[in-house]
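S.K.: Sequence below, structure please.
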Amino acid sequence: MDGNRTPTPVRSPCVKVCLMDPTTELCYGCRRTQEERDWWVAYTDEQQRDVLRRCEQRRGVLAAGQGELAASMGIVESRRKG
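M.R.: Model (predicted):
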């Protein structure tokens, strides 16, 4: 593997349906919380992947109509270089 490759950035889960559900406090489109949407660019790649896992879990819970929604990743100290 070439050590000079730039890592592929984590893609945002945004699907351009940016409306918040007042009941779940999640975006209808991506299932992120408002804080997760606001802080997406400050999260590290690993934190972004964690948010994606939380979104997937939330989709499953909402589709099944039962279960506990994953907590918000919330506000974090940015670990991004730059």
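S.K.: Please report phi then psi for C27.
M.R.: phi -70, psi 130 (degrees, to the nearest 10).
S.K.: who does it bridge with?
M.R.: M20 (DSSP bridges).
S.K.: okay, it: pLDDT?
M.R.: Per-residue pLDDT puts C27 at 98.
S.K.: Return the longest helix along the chain as PDB; C-alpha atoms alone will do.
M.R.: Among the segments of the chain that qualify as a helix by DSSP state H, the longest is helix 45-64. Provided in PDB are the C-alpha atoms of helix 45-64 (Å, rounded to 0.1, in the frame of the first residue of the first chain):
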ATOM      1  CA  ASP A  45     -13.100  10.700  10.900                       C
ATOM      2  CA  GLU A  46     -13.600   8.200  13.700                       C
ATOM      3  CA  GLN A  47     -16.200  10.400  15.400                       C
ATOM      4  CA  GLN A  48     -18.000  10.900  12.000                       C
ATOM      5  CA  ARG A  49     -18.000   7.100  11.600                       C
ATOM      6  CA  ASP A  50     -19.500   6.800  15.100                       C
ATOM      7  CA  VAL A  51     -22.200   9.300  14.100                       C
ATOM      8  CA  LEU A  52     -23.000   7.200  11.000                       C
ATOM      9  CA  ARG A  53     -23.400   4.100  13.200                       C
ATOM     10  CA  ARG A  54     -25.700   6.000  15.500                       C
ATOM     11  CA  CYS A  55     -27.800   7.200  12.500                       C
ATOM     12  CA  GLU A  56     -28.100   3.600  11.300                       C
ATOM     13  CA  GLN A  57     -29.200   2.400  14.700                       C
ATOM     14  CA  ARG A  58     -31.800   5.200  14.900                       C
ATOM     15  CA  ARG A  59     -33.100   4.200  11.500                       C
ATOM     16  CA  GLY A  60     -33.600   0.700  12.600                       C
ATOM     17  CA  VAL A  61     -35.300   1.600  15.900                       C
ATOM     18  CA  LEU A  62     -37.600   4.000  14.000                       C
ATOM     19  CA  ALA A  63     -38.400   1.400  11.400                       C
ATOM     20  CA  ALA A  64     -39.200  -1.200  14.000                       C
END
